[in-house]
Each structure stands twice: as C-alpha cells, then as structure tokens.
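>>> need coordinates for the following:
(chains A and B)
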2 protein chains.
Amino acid sequence: MNKLEEIAYKNYSRVNDFPVVVQKFGGSSVADVERIMNVAEKIRHRVNQGNRLVVVVSAMGKTTDNLIKLAKQVMDQPDARELDQLMATGEQVSSALLSMALQSLKVKSKSLNAFQAGIETVGKFSEGRIKCFDKKRLLSLLKINEVLVIAGFQGIMNGYELTTLGRGGSDTSAVALAAALNAPCEIYSDVAGIYTTDPKLYPAAKKAKMISYDDMLELAGSGAKVLHGRSVEVAKRFNIPIYCGSSFSDEEGSYVVNEDLIIEKNTVTGLSVMNNQLRFVIKKLPTDYSLVRGIFQTAAVAGLNVDMISIIQDDDGITISFTVIDEKKKRAESAVKKALKELADYELECHSGYVKVSVVGVGMKSGVGVASDFFNALKNIPFKLVTTSEIKISCLIENEFKAAAVAALVKKFKL
Amino acid sequence: MNKLEEIAYKNYSRVNDFPVVVQKFGGSSVADVERIMNVAEKIRHRVNQGNRLVVVVSAMGKTTDNLIKLAKQVMDQPDARELDQLMATGEQVSSALLSMALQSLKVKSKSLNAFQAGIETVGKFSEGRIKCFDKKRLLSLLKINEVLVIAGFQGIMNGYELTTLGRGGSDTSAVALAAALNAPCEIYSDVAGIYTTDPKLYPAAKKAKMISYDDMLELAGSGAKVLHGRSVEVAKRFNIPIYCGSSFSDEEGSYVVNEDLIIEKNTVTGLSVMNNQLRFVIKKLPTDYSLVRGIFQTAAVAGLNVDMISIIQDDDGITISFTVIDEKKKRAESAVKKALKELADYELECHSGYVKVSVVGVGMKSGVGVASDFFNALKNIPFKLVTTSEIKISCLIENEFKAAAVAALVKKFKL
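Okay, the predicted model is just below:
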C-alpha cells in the first residue's frame, strides 16, 4: 500500500477480515479475450495481496454502439424500454467472460447481473438512478467468493423492469456499490489518472496525485471524460475515495477524495476544454421574465443541454446569451423560435464553431486574483461569453484560438 | 381457422375474450433484422385475426454457438454456471429486437427475460427443467399488451441463478408456457411440418397432417429434429396441441395432438434415421449381472448416451450389444474397459460407421405383422442389431445400406 492509498483507504469495510475494494473496468479494458485475461491477472494480483473484490465491468469495446445500431435497423426511434433490455446484455456477456477468466486463474469468482445483484433503480428507462443493492446477498456471496463480477450500467425498476443508467453509467454502478459496501472504489480505463489538462490538447500536461470531489465535478462537467460526473457526486455524498488508474500499465494514477485529505492546495488545479459549442444571443427582448423562463423550458423539453448562461438587462431590454452542444443546432434554433413565436421584434444570433475553456480549483474559493490572472493570460484572445462558479471560470472562444488559450492558461496557472 | 386447427384448438384460454396462442420461432427464423421483421409481420397478422400472443424466441442464427466459442477462448472447460449466464444473453437480444419490430408495426408488445417472466427452473446448470412461470404477471401484462415476447431457453434456479434448458430448450419453454396458460402452441422453423421421413433422405417424403404425441416422441427420440423431445413430453402431459409450421411460407404444417383426435390411424406413421452410431459387442461375459450394471453405470458417469441395448444370456455367458453416438468412441471404449477391468477374459468389439433406421407408429400397438413387414422390406440388407418398443422398430445397419433401407421401408409402409 502506498502512502496515498493509505491516506485515502482508511476505515473501510472488511469481509472475513479481508478489506473489500470495488474496481471498475471500462469497455476498452475488456474489448477482447486477451484484454479480459489481462484484467483477470490484475484482479488476481489484488486477491493475492489479501483483498476481496467487487468488480464492475462495462460491455466489451463497441458492443453497446453495435447493439444500438442493430436496434436502429429495426426502427428509427426504438422504444427506450426495449433498448435498455437489449443493451443490458452487453455487460452480462463481459461479466460472465471475466468471471470465467478469473476461474481459469483459480480465483473463486461469480458474475451477477442487475437482477442477481439486486440493483434497484428509480427514474426513467435509459437514465435510471441507483437506489440500492441487495447488500445482504452481495456480502454473503463475498464470504464464499474472492471476487464478484457485476454487470455495470444496469438496474431494475419497479421490481422487474431492466433499465440502463445512461452513458458512463458503469462508473456510477461502481461508486454506488462502493458506497453501499463502504469500500474504496478504483476505476481503470485507458488513461492512467486525472490530468489537469487533456494530454491530447497539451502534451506536457501534469497528472494530479490527489484532487477534491468538487474540482473533479467541475472538470467532469467541463468535458473531462475520465469519470462520469454523477459517479463523483455519489462518491462525494458518501465520502468514497476513487482511484483512477490504467488498465494497461502499473503507472500510478490519481485519487479523488475529500478536500480535507488534500494537503497542498493549488488555487487552480485543472483546465478543461469542451468542443462543439453552439452560441446563442437573443437581443432586444422586452423586459418580461416569462419569456426567459419560456426559452429555457422549451429547450429542456427539446432535450437540449443548455450550458453557459449569461443574462443582462438594461434600458434596451434583456440580452440573453447561452451555449448548447453544436450537433443539435437545428433543434436548438427551432426550440428558441417556438418559445418566442408570439414576439415580432427581437434579434437572434446563432453561431457554431466555439470551444469552452475552463479553469477549475477549490482553492479559488479562498484565493484572490484568479479572474485577473485568467484574463491577463488570455491577453488578446477574443472571448464571447464568460461564466463563473465559486471554483471555476469558463470562457467561450472561437475554435481557432483554442490551442493558444490552452497554452497561455497552462503557463499562467502552472498546470 | 381451418378444420384441423378447429379440432385441435378447442377449449383453450382467453384473455379479455381474445384466444391466447403461444408461438415459438427458432434461431434461423430470427437470424437477421429482415427475418425478424418477417416474423413480426406474421405475428401482427395473427393479432389482427383477434388473438393475444405469447411468443418465445431462440437466439439469432448462430449466436449461441458464437458465445460458446468466445467462452472457449477464455477457458477450455468453462464453468456451466457462467456459460449459462453468457448464453442466456442471446435470447434476450432477439426478444428485445422482435418486440421493437412489433412496435414498429404498431403492435403493443413487451419483451421479457427469464427473471421478468418468472420462469422458475429446477435441476442443474445447462439442463434446467421448468417448474413454473409468474402466471399472474404474464396474464396481467397480456391484458395491456397484444404480444409478450419471451426469451426462450432460460430459467431461474434458486431464486436468482440463470440456467439454460439444454439444446432445443426453447421448444420446451414454449410448450411449458402453453401448458401454464392453457393455450395451444405453434412452433415455427425452416421446415413446414413433420415429415414421416426426412425429405433430405427421401425427397418424396410425405408430411403428416396430424400425428400423436407418442409417435412424435418416438420420432424425436430417433433423430427427427423438428421438435425437442422434452417439449413433446410436456405437451402430452398437459394435452397441449402443437402446430409445427414454416416461418417462411404459409404452407400448411402438422399438428401434434392427443391420439384420440386422430381419425385415420396408420400402423406406421413415420421413419427416422440417426447417423454416426458406434456399435459395441461384448461377448463371453460371465453370468454376473453386476458386470452389466457396471457397464451402464460407468457409461452414464462418462456422459454417454447409450441407445439400442440388446442383452442375451446363454450357456457361453452373457452377450451385450449396444450403440453410442460415434463421436465419443474413445470415451465410450475406455468407459467399457474401466467397468470390466477386473475381468481377464472377455471379447470386445467396437465398430463405427452405422446408422439406426426406425419406423414408428402408435397403430403398431393394435396392428399385427409390422415386424414381419419390416424384415420383409429389408430383404438382404444386413442388420447388426434390432430393438423394439411398443410403437417402434429400429435396426442398426452399415452406412452404405442407408439409402436402400429407407427406400424399401418407405415403399413397404407407404410413408
């Protein structure tokens, strides 16, 4: 156990005196039989170190995408319930194969799907939220097995309806299991840890050793793809440490933990970039707040994920600016027009080709001058929209300035 | 409704006053999206005629074989429990897709896996036997849906363990469901009905319009592949009529029904051929019946399906002859040798290259001279072993005489 693990893993559950750890392996980690064997080796190593493991797996490689394609051959807009029923098979396949792989290495293992693990969900098809597990069954099975392999991304609603948890939901399966069992959670993918900036964007990016839940939440919300945002929320609520590591190497990863555990606090701990932003500006709206409500209501009904919102009221009326993911341009435009259909006189601009660049850090709460440093770093790079939270500053800039902005901010905040 | 259907379908269940019918579609009938759409059309037609349908599906095409191959890449002898867990996904995929296809045709449909349909099984992994269904849930869902699509071949053991029912088990799923709901059962495959002789063997073979459970059982046991033997047993026990038809045409199929419903009874109604027979002869065994028991016990433990058994005792001792499926020659030989390892002095012959040819018919029970006709038909074709039941005569002949024997028997019994 290394120093960081020791700090993060204090006071968690044991079964038969073996510390319990929840691990999650993503789709690329179990993409073929060879990789499944590699994951099984990794797990065996951990079992031999004296742990009992609950392992959550995603579907193999592109399985989920392929199942969706198959469904779309049958009908354009497949029923969400039947689509869930179809997609959930992917994780059942990978969990059974991983369990076989473990058995071939003489590790006592059993795979469980959502029915078997008693994963109860609430909500809607394709976006279930986990309520609870059959903890009693899991613990009693963990007494007689060294590893339980759980099909991620799925749960049971109303006693018998299979639901999926939405994209990236296996992360949430893992963290929720860790919360239920009071165990630490390790998430393995093809990236060894959390980078304060995406290494693809900025090759000299540094890896965080420890990062707080709040910083991670802001990073995830701003486009960092290592961890699903919802899983971080659950981890924060139940104070479950998450370790993000690589499935393919032994390189040290990153811990996502409670703020208290982080000794050295940087003001700014991360930078993230979200591509394909669509920018709306609606000008000269009469000062009637029901119009504002109307715009965001129709956007919600149309399933649009409205992000950066800025609203200014002056003598000319109200000016609203906000962003939406670019690929939904048509839908977004018609939603806005629908909301304003009673109005004859307003100005609407809708442009694509933007990226959102954000810097994040819990240290901002107490640090001063971050905004000043931020704008200083950007110098003459033109930004169209700025929004802030307590621990984040985001700005919207044109695609062509992305690289320059990232380089300037990384340099300024020593990321 | 045609005449035969009317006779066969008297007095079965209704839901909301709609007659309930159970249908089953095999793997080749749902092998791709086009075929699934074709099956959905067939089902819609039936719904429009005023039926409520419970449809059982097998996995698409070669899915089950491919899953087994995948498992064998992970380990040579995969654990039966994990293999069941893996294989059961195939039927969940096809049932969800068929349900989507029905919805695309505006048919109200819902797919259900073994957990959802409450299919309880007993027995062992990979060879579960159905005990019951959640009939209450099925009936209440059938009130608000026109079709329920059930994943065949699977059940739940001990409350949460997924089991499969063994090869061909989807037939049993369908007939057991029909028994539970007191509904007739229709089994669709790529063969339109039951032929008294395999048309591949004898192109002029005739199709039976109606055949009794017992004749069908003997035919299934003798190698006819249209229906899984176990499903016929269940149908017989609960007096469930089975219709065997084609998924691909509207050609009239065959009904498997209670003997009473069959008006014209032929003495011999069918002929079947089973290839790849291995023939054993053990001679000069001392008259010690524990040796006989020993042979069949070790054969059973070795998983050998011993078929035709003939035992004769005379002054030289005991002569035993029996057949086993050829592909297990090594295993069969070593099992026999193991059973007789205490004996120094006996003669063992083991030859492959045989086929078993059988004629079947409930009419034999009352008819006379069938054996005489049988041997007359075979003329000079040499047979190595003959066994009989009340309604069947089987003989073992060398491969090279197969075609001649089939032709002679078909001609003699006007099949």
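>>> C-alpha only now, for contacts and for neighbours.
Will do.
>>> quick one, domains of chain A?
A:3-263, A:271-413 (automatic domain parsing).
>>> looking at the ones you listed, which is closest to chain B?
Evaluated over these, closeness to chain B peaks at domain A:3-263, with 5.2 Å, by C-alpha to the nearest C-alpha.
>>> now that closest one, how far from the chain's geometric center?
Distance, stretch centre to chain centre, for domain A:3-263: 12 Å (C-alpha atoms, centre = their mean, to the nearest Å).
>>> list the buried residues in stretch A:206-223.
By 16 or more other C-alpha atoms under 10 Å in any protein chain shown, the buried positions in stretch A:206-223 come out as A:206-223.
>>> quick one: the helices in the stretch 51-200 of chain A, in order.
Under the criterion DSSP state H, counting those that start in this stretch, the stretch 51-200 of chain A contains helices at A:63-74, A:80-104, A:114-117, A:135-144, A:169-181.
>>> and what of the stretch 301-415 of chain A?
A:329-339, A:370-378, A:402-413.
>>> quick check: mean pLDDT across the longest one?
For helix A:402-413, the mean pLDDT works out to 89.
>>> chain center to it: distance?
The answer for helix A:402-413 is 24 Å, by C-alpha atoms, centre = their mean.
>>> ok, which of the helices of the stretch 301-415 of chain A comes nearest B:Val292?
helix A:329-339 (79.2 Å; C-alpha to C-alpha).
>>> and A:Ser109, how far is that from B:Ile156?
Noted for A:Ser109: a distance of 19 Å to B:Ile156, by C-alpha to C-alpha, to the nearest Å.
>>> go on, A:Glu146?
Distance, A:Glu146 to B:Ile156, by C-alpha to C-alpha: 24 Å.
>>> now A:Cys350
Where B:Ile156 is concerned, A:Cys350 sits at a distance of 55 Å (C-alpha to C-alpha).
>>> next: A:Gly128.
A:Gly128 is 24 Å from B:Ile156, by C-alpha to C-alpha.
>>> where does pLDDT dip in the stretch 201-350 of chain A?
Residues of the stretch 201-350 of chain A meeting the criterion pLDDT under 70: A:221-224, A:263-265, A:327.
>>> related to what we said a few turns ago, pick out whichever of A:Cys350 and B:Ile156 has more residues nearby.
With neighbours defined as other C-alpha atoms under 10 Å in any protein chain shown, A:Cys350 and B:Ile156 compare such that B:Ile156 has more, 26 against 15.
>>> contacts only, for that one.
B:114-115, B:118-121, B:162-163 (C-alpha atoms under 8 Å, 6 or more residues apart in numbering or on different chains).
>>> where's it relative to B:Gly27, distance?
22 Å.
>>> before we move on, back to that, how about the helices of the stretch 301-415 of chain A in TSV, adding mean neighbour count and distance to B:Thr298?
Output for the helices of the stretch 301-415 of chain A, formatted as TSV (neighbours: other C-alpha atoms under 10 Å in any protein chain shown; distance: least, C-alpha to C-alpha, whole Å):
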stretch	mean neighbour count	distance to B:Thr298
helix A:329-339	17	71
helix A:370-378	16	81
helix A:402-413	17	74
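>>> dump these to JSON lines, plus distance to A:Ala178.
Putting the helices of the stretch 301-415 of chain A into JSON lines (distance: least, C-alpha to C-alpha, whole Å) gives the following:
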{"stretch": "helix A:329-339", "distance to A:Ala178": "38"}
{"stretch": "helix A:370-378", "distance to A:Ala178": "36"}
{"stretch": "helix A:402-413", "distance to A:Ala178": "34"}
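>>> hang on, A:Gln277 in a strand?
Yes. Assessed by DSSP: H, G, I helix; E, B strand; the rest coil, A:Gln277 belongs to a strand.
>>> wait, isn't it in contact with A:Lys356?
Yes. Counting by C-alpha atoms under 8 Å, A:Gln277 touches A:Lys356, with 7.0 Å between them.
>>> all set, thanks.
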